[in-house]
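Q: Quick one: sequence plus predicted model below, questions after.
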Amino acid sequence: MASLRHAQKTGQSVLAGKLARGERARKLTALSLIAPLFLLLVCVFGVPILAVLYYSVDNPLIGKVLPQTTAAMAEWDGRALPGDAAFDAFAADAKLAYKAKTIARAALRLNYEIAGFRSMTMKAARRIHRFKGASIKEELIALDKRWGDIVYWRAIKDASASYTPRYLLAAVDLELTWGQGIVQVEENRRIYLAYLMETFWISAVVVLLCVVIGYPIAYLIATSKPAKQRILFILILIPFWTSLLVRTAAWVVLLQNQGMVNDFLIWLGITDQPFEMIFNRFGVYVAMVHILLPFMVLPVYSVMKSISTDYMRAAASLGARPFSAFLSIYLPQTIPGLGAGCLLVFVISLGFYITPALVGGRSDQMIASLIAQFALGTANWGMAAALAVVVLVCVAAIYPIYHRFAGGDRMKLN
Amino acid sequence: MALPANATLGQQVSYVGLRVICAFGFLFLLLPTLIIMPISFSSGTFLNYPLPGLSLRWYEQVLQPHPWGFAFKNSMIVACATTVIATVLGTLAAYGLTMAQFRFKGLLVGFLISPLVVPLVITALAAYFALAKVGLLGTHIGLILAHTALATPFVVITVTATLQGFDHNMVRAAESLGANPINAFFSVTLPLILPGVLSGSVFAFVTSFDEIVVALFVAGPGQFTMPRQLFADLRDQLNPSIIAVATLLTVASICLMALIEILQRRKDTG
């Protein structure tokens, strides 16, 4: 009996071992199938996104171009003008950098700290090898008395740190000062928060318009007979599949001053002067709502489709008037789809760049165009990265809400 | 949802109101692209009606090798390469994801589809930094790699959805009958999930073919794609050739959409 039980036990454990080994082999196969895509995405997406985070604080330039100055000022406390050692080090660095032609980039970088620093540095670098006197400090100050102003040396010290919070702070209109810590920048330089607010505002209006037009459409599709439902659904999918640029191009053509919409309005006698409908906020709203409306309709529709009409009938039979039945029975059931649609549209809007660039005016550009301008135009990677981090943080804050409404695994394409 | 005969005034108003809003919404969605299409057959240069006459001159211009032929070739190269890489890797990954349970699977799936949830401009900036560092800015390979990141989530999602109804016992049966895993995949699994794989690859193709933001950041003059050329022309010179291109693109995307519809219907019934 005991031996039988023992045999059974060993048999079980052998079987369990085999099963476990099989399961482990399956897991291994599964992981090795996922690995190629995982590795590719790490290389072409994961690491680059981390690089964006890194570049928002990375600050190697001054430390590299002006190494002796950086070393000489490492211990400086910023209370009084630095001593001769720092000036001598700066002169030595500037001479070398002038020869190596790296001084211009350093001067540009210093100009981010204080406007006007660039020309001041370039002038000093051009003249410094002709200095003959005993004290470089005195001659430099004689050349331009701003070299005797402590704020410029503080700027060099700030700029020479390997990592800097200045881009991230600047992206929300803050700066790190000597003495006062982190403060808001002067009023006339506060531009980025305004851009961000404007981006949020445009996105919010677009979401609202999409709800107003998209909710009834989704309702109509969901409550139609199957054959009609199919046709209406395709009518939503056609614009969804049409190229974004094609749709933007259509609005450019339609909304021009000599465009069809204006001609039509004049023909109707509503106006005899063409309305300005493009290169302003109106054009941006129209084109963005047009592009994003399907992103609202599809999730709302997919939730409405699963709502049984019995509840509404029950409410009606219990005496509820249609409108109050809708408000208290139907609407709450559609909240998950509505929430998902709103957040989807909002998040896509936040990163919108092409449409505002083509149909918006100067004051309608969103934060994305600022990022593009910094990266591609002025080659200020730090600022481009910092603004991207701000957008990323906003999106990261919004997504948990999206997940609560939509659920991670309910993401559907159509 | 017809209106009952004894409907109250309120019901009638909301019935009519709903239809008015929806009619407006559908017109708003569909009319702009449709109404401009005939202008591509205009013989004049103005983007308005009435047309001075009909001609195919703008289509002739679009079919010239420069700039549209060149842009079309670039778009096709990039989109096809992206589609192949995304479809192969995405299908393998989706298959791996559904065949076993393991720790951190949710996190892994989250990472694999994360390019969908990061705003496009940030993905573009990230690609720009990375490709600049490795010297691939302004190359086809760089653009293809960046587009692959955007396209794979669509393949992963569609193929995973198809595999949800897939019975892994069929693979076990094939293996017990002597098929090796690779054989079993190609002769049993792939034919069954093919509609999902194909619709995923169409999604991947369209994602790359229609992509503009990443192209603006990482493509050089040698990689001008169709959307990139459209963007440039929309800023500089408005003439009916843009609408001819738009018409061709719209017709092509409607064909692809029809293809997806057919594939999904096959998936539902088969």
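A: Cool, the structure landed.

Q: Could you count how many residues lie near the nearest residue to B:L125 once chain neighbours are set aside?
A: Nearest residue to B:L125, sequence neighbours excluded (C-beta to C-beta, 6 or more residues apart in numbering or on different chains): A:A388, at 5.2 Å. Backbone N, C-alpha and C define where each C-beta goes, glycine included. Neighbour count of A:A388, defined by other C-beta atoms under 10 Å in any protein chain shown: 31.

Q: repeat for A:Y285
A: Neighbour count of A:Y285, defined by other C-beta under 10 Å: 18.

Q: Could you pull up the residues touching it?
A: The contact partners of A:Y285, by C-beta atoms under 8 Å, 6 or more residues apart in numbering or on different chains, come to A:202, A:205-206, A:209.

Q: okay, the residues you listed in CSV with neighbour count next?
A: Shown next, in CSV, are the contacts of A:Y285 (neighbours: other C-beta atoms under 10 Å in any protein chain shown):
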residue, neighbour count
A:I202, 23
A:V205, 16
A:V206, 24
A:L209, 19
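
Q: Considering these, which is situated nearest to chain B?
A: Using C-beta to the nearest C-beta, A:L209 is the member of the contacts of A:Y285 that lies nearest chain B, at 10.3 Å.

Q: got the contact list for the closest one?
A: For A:L209, the contacting residues are A:285, A:289, by C-beta under 8 Å, 6+ apart.

Q: can you give me phi and psi for it?
A: A:L209 adopts backbone torsions of phi -60, psi -40, taken as degrees, to the nearest 10.

Q: which residues in chain B form helices?
A: For chain B, the helices defined by DSSP state H cover B:9-36, B:57-62, B:70-99, B:105-112, B:120-133, B:140-164, B:169-176, B:181-184, B:190-209, B:213-218, B:226-236, B:240-269.

Q: Out of these, which is closest to A:K157?
A: Evaluated over the helices of chain B, closeness to A:K157 peaks at helix B:120-133, with 27.3 Å, by C-beta to C-beta.

Q: Can you list the buried residues in the closest one?
A: For helix B:120-133, the neighbour count (16 or more other C-beta atoms under 10 Å in any protein chain shown) marks B:120-132 as buried.

Q: what would those look like in JSON lines with pLDDT and distance to B:N48?
A: Shown next, in JSON lines, are those (pLDDT from 0 to 100; distance: C-beta to C-beta, whole Å):
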{"residue": "B:L120", "pLDDT": "92", "distance to B:N48": "33"}
{"residue": "B:V121", "pLDDT": "94", "distance to B:N48": "33"}
{"residue": "B:I122", "pLDDT": "95", "distance to B:N48": "39"}
{"residue": "B:T123", "pLDDT": "95", "distance to B:N48": "38"}
{"residue": "B:A124", "pLDDT": "96", "distance to B:N48": "35"}
{"residue": "B:L125", "pLDDT": "97", "distance to B:N48": "38"}
{"residue": "B:A126", "pLDDT": "97", "distance to B:N48": "42"}
{"residue": "B:A127", "pLDDT": "97", "distance to B:N48": "39"}
{"residue": "B:Y128", "pLDDT": "97", "distance to B:N48": "38"}
{"residue": "B:F129", "pLDDT": "96", "distance to B:N48": "43"}
{"residue": "B:A130", "pLDDT": "96", "distance to B:N48": "45"}
{"residue": "B:L131", "pLDDT": "96", "distance to B:N48": "42"}
{"residue": "B:A132", "pLDDT": "95", "distance to B:N48": "43"}
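
Q: domain parsing for chain A?
A: A:1-55, A:61-162, A:192-410 (automatic domain parsing).

Q: got those domains as CSV, with distance to A:E175 and mean pLDDT columns?
A: Formatted as CSV, those follow (distance: least, C-beta to C-beta, whole Å; pLDDT from 0 to 100):
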stretch, distance to A:E175, mean pLDDT
domain A:1-55, 19, 86
domain A:61-162, 10, 90
domain A:192-410, 12, 89
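
Q: any idea which of these is most buried?
A: For these, the largest average neighbour count (mean count of other C-beta atoms under 10 Å in any protein chain shown) is found in domain A:192-410, namely a mean of 19.

Q: and that one, how far from the chain's centre?
A: Distance, stretch centre to chain centre, for domain A:192-410: 18 Å (C-alpha atoms, centre = their mean, to the nearest Å).

Q: Make TSV from the helices of chain B and add distance to A:G319 to it.
A: TSV is the format used below for these (distance: least, C-beta to C-beta, whole Å):
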stretch	distance to A:G319
helix B:9-36	15
helix B:57-62	63
helix B:70-99	49
helix B:105-112	46
helix B:120-133	51
helix B:140-164	43
helix B:169-176	53
helix B:181-184	62
helix B:190-209	48
helix B:213-218	54
helix B:226-236	56
helix B:240-269	41
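
Q: Give me the spatial nearest neighbour of whatever residue of the stretch 301-414 of chain A ends up closest to chain B, chain neighbours excluded.
A: Residue of the stretch 301-414 of chain A nearest chain B, by C-beta to the nearest C-beta: A:G351 (2.5 Å). Once flanking residues are discounted, A:G351 sits nearest to B:P119: 2.5 Å by C-beta to C-beta, 6+ apart.

Q: do the same with B:C22
A: A:L220 (4.6 Å).

Q: before we move on, back to that, out of the domains of chain A, which gets nearest to B:H140?
A: Proximity to B:H140, assessed across the domains of chain A by C-beta to C-beta, is greatest for domain A:1-55 (14.3 Å).
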